[in-house]
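Fold the stuff below for me.
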Amino acid sequence: MNLIECIAIGLTSLRRHPLRSGLTILGIAIGVGAVVSMVSVGDGSRALVLGEIERTGGLTMIEITRDDWDRQSGTFSRRAGRTLRRWRRNRAEHLETQDIYEIMEKGRGVVHVVGEDDMPGWNVYHEGASRNSRVVAGTAGYDRSHNWYPVMGRFFTEEEVERASTVTVIGYTIYDEVFKGEDPIGKEMKATRTTSWGPRYDVRLTVIGVMEEKGDAMDTEGWDERFIIPLTTFQQRFTGRKEVERIRVEATSLDEVENAKEDAKHILGRMHNNSGEEYQYWTAQEELATAEKIGNTMKALMGGIALIALFVAGIGIMNIMLVSVTERTKEIGLRKALGAKRRDILTQFLIEALVLSVTGGIFGAILGIFLGKGSAMLIAKFVWEGSNWPSVISYSTMLIAMGVSVSIGVIFGLYPAYRAAILMPIEALREVPGEETLKIDGYEFKLAPLSGRFWGQLLDSLVYAAIVAIPFGVWTRTGLEGTNIVLWVAGSVALLYLLFQDAVNGRSIGKRLMKTRVIDSKSGLPCNLWQSVLRNLSLPILSVIDCIFILGEKKQRLGDKLSKTLVVRVT
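Below is the predicted model:
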């Protein structure tokens with residue numbers, strides 16, 4: 001037989017049992033879809049951080065700060081075999097305005113430098129309307145440094161910073177709530193701050209611009225509620241010092257970030273008579289690298305779980321193919337008697353396994369796209385609210401996952417195919433499989449085939465798990481209050497009802513679909529409630545063991561042995 005004939009025969013065989021083939025394909029599709037979706041969610045962490053960095057300044061930004069506490073190296077402990085570290089107060093001088101100009105003038109690869117400071121606890125007023133706010137002070141170019149530009153009016157200039165002008169650029173929330181959406185340009189706004197331990201600040205500022213709306217997502221939370229003034233105005237009218245809280249340095253390119261960072265460190269060390277190591281230097285690249293590490297860890301963990309699902313799906317393929325070999329023993333004997341070679345039989349059954357795995361891989365890749373987007377939406381809604389977590393679809397990952405599914409089809413289909421290929425024609429023709437029967441108390445029962453037992457029980461367990469998981473998830477998320485109690489009770493009743501159905505007539509949802517019934521192995525009567533519970537609790541582990549050791553060809557699964565039951569065919 002040529003390859004096309006083998007494919008045609010394999011497809012015909014699979015069409016004879018559409019439900020069995022469909023369930024096997026579903027197992028592969030779930031495994032591939034899980035891999036694709038988990039990787040897309042993991043890659044989304046990098047895309048999320050990259051997007052936030054771009055929204056707040058870009059990858060070439062360096063932020064320099066001085067913490068009040070510094071982690072210093074201490075004494076060496078021989079017993080511990082390591083250097084003990086301790087925290088101590090950072091005695092380095094504060095950053096000052098002059099540092100900004102020195103870094104701008106003498107730093108390599110530096111294109112822009114901005115000094116910043118801020119103070120919470122302010123209230124702004126205009127014609128009876130007020131709003132809680134936060135004052136942010138900066139030098140000219142603050143808007144460029146944060147990638148945050150005015151949508152109305154303009155930003156203050158270098159000349160206004162030098163003159164310490166009483167001008168301000170307000171956030172969009174202040175424009176909307178304090179100025180009621182009216183044009184605020186040129187109007188006066190009053191800003192006050194009162195504390196029980198400090199002086200009262202009362203400043204009148206002229207509005208010259210309105211910043212674009214950023215929203216309260218991630219790093220830009222609270223930006224729209226700020227008002228921005230020149231750094232010199234803040235120093236002269238509020239603090240009376242030349243200190244700045246942080247300095248933001250923009251490098252000309254990604255390649256120049258390290259040079260700019262090292263030069264800034266040397267300049268600050270020279271300006272403040274220290275080593276420069278006393279200050280903290282944050283770069284966007286470091287944060288991106290951390291995000292990538294977290295994303296890779298997530299992908300490794302979740303991808304590993306998804307690969308287990310693929311492995312279980314491979315066991316399902318082996319299970320189906322072994323059943324197919326058993327059912328088609330006579331057919332194999334006839335083909336070999338008529339001249340079919342061993343490689344023809346081997347190729348035929350391998351093609352059947354490949355069709356299952358390839359079809360499942362294609363559907364799984366499509367399913368993975370939707371699962372990835374759905375998982376990202378759930379993360380943005382319940383885990384990290386307002387994060388707008390993206391789902392990054394990697395086509396290379398899709399191809400790899402499909403390749404793995406094909407490999408699984410070959411690996412798990414090889415043994416059944418080999419087993420079919422080595423059958424001797426005389427033995428195969430003599431061994432015509434029939435339905436195994438069993439007599440209990442004078443009644444005759446036909447044992448259900450392996451596929452009917454396995455898939456029927458698996459469907460039941462999935463239903464039971466869903467019924468238990470939904471109310472349990474509601475309970476752990478919001479507690480047993482109000483309508484949640486109703487959901488919990490409804491789920492429990494539904495579970496008990498299904499178990500009761502299994503116990504009354506041995507026919508739950510999966511049994512009805514597979515046309516099987518569970519009976520007591522001694523009396524022949526439908527299994528009781530405790531037998532049903534024991535069978536369903538033992539299924540997730542014992543069914544996999546049954547498939548691995550091919551024990552399903554016997555009369556009883558391990559779960560059936562424990563519960564003393566049999567799965568028979570409904571006639």
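
C-alpha from now on. contacts and neighbour counts both.
Noted.

Tell me who's in contact with the closest residue in space to residue 390 that isn't next to it in sequence.
Counting by CA to CA, 6 or more residues apart in numbering, residue 44 is the residue found nearest to residue 390 once chain neighbours are left out, at 5.0 Å. By CA atoms under 8 Å, 6 or more residues apart in numbering, the residues touching residue 44 are 295, 389, 390, 391, 392.

In helices, which of those appear?
Counting by DSSP state H, the contacts of residue 44 place residue 295 in helices.

which one of the contacts of residue 44 has the most neighbours?
residue 391 (26 neighbours; other CA atoms under 10 Å).

Return the distance of that one relative to residue 65.
Using CA to CA, to the nearest Å, one gets 34 Å for the distance from residue 391 to residue 65.

Pull out the buried residues from the lengthiest strand in the chain.
In the chain, assigned by DSSP state E, the strand with the most residues is strand 110-126. Buried residues in strand 110-126, counted by 16 or more other CA atoms under 10 Å: 110, 112-118, 122-126.

mind putting those residues in TSV, pLDDT and distance to residue 102 included?
Below are these laid out as TSV (pLDDT from 0 to 100; distance: CA to CA, whole Å):
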residue	pLDDT	distance to residue 102
110	88	11
112	88	12
113	92	10
114	92	12
115	92	12
116	92	16
117	92	18
118	89	22
122	89	32
123	91	35
124	93	35
125	92	38
126	90	39
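
could those go into TSV alongside distance to residue 37?
Formatted as TSV, the buried residues of strand 110-126 follow (distance: CA to CA, whole Å):
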residue	distance to residue 37
110	41
112	41
113	42
114	42
115	43
116	42
117	43
118	42
122	46
123	47
124	47
125	50
126	51
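
Name the spans of the stretch 201-350 of the chain whose pLDDT lies under the cut-off.
Counting by pLDDT under 70, the stretch 201-350 of the chain has low-confidence residues at 217-219, 302-303.

for it, what spans make up the strands?
For the stretch 201-350 of the chain, the strands defined by DSSP state E, counting those that start in this stretch occupy 201-211, 226-230, 246-251, 280-283.

Check the stretch 1-150 of the chain too.
In the stretch 1-150 of the chain, the strands defined using DSSP E, counting those that start in this stretch lie at 61-65, 69-77, 82-89, 110-126, 129-138, 150-153.

Any idea how many residues pack against the closest residue to residue 519 other than its chain neighbours?
In space, and not counting its chain neighbours, residue 519 is closest to residue 526: 4.2 Å by CA to CA, 6+ apart. When counting by other CA under 10 Å, one arrives at 22 neighbours for residue 526.

Go ahead and confirm residue 526 touches residue 566.
No - contact criterion CA atoms under 8 Å: residue 526 and residue 566 do not qualify, at 9.5 Å.

what's the distance between residue 166 and residue 351?
From residue 166 to residue 351 the distance is 79 Å (CA to CA).

how close does the spatially closest residue to residue 50 that is not a sequence neighbour sit to residue 249?
Nearest residue to residue 50 in three dimensions, chain neighbours excluded: residue 288, at 6.6 Å (CA to CA, 6+ apart). Distance, residue 288 to residue 249, using CA to CA: 17 Å.

Kindly report the same for residue 519.
Residue 519 is 77 Å from residue 249, by CA to CA.
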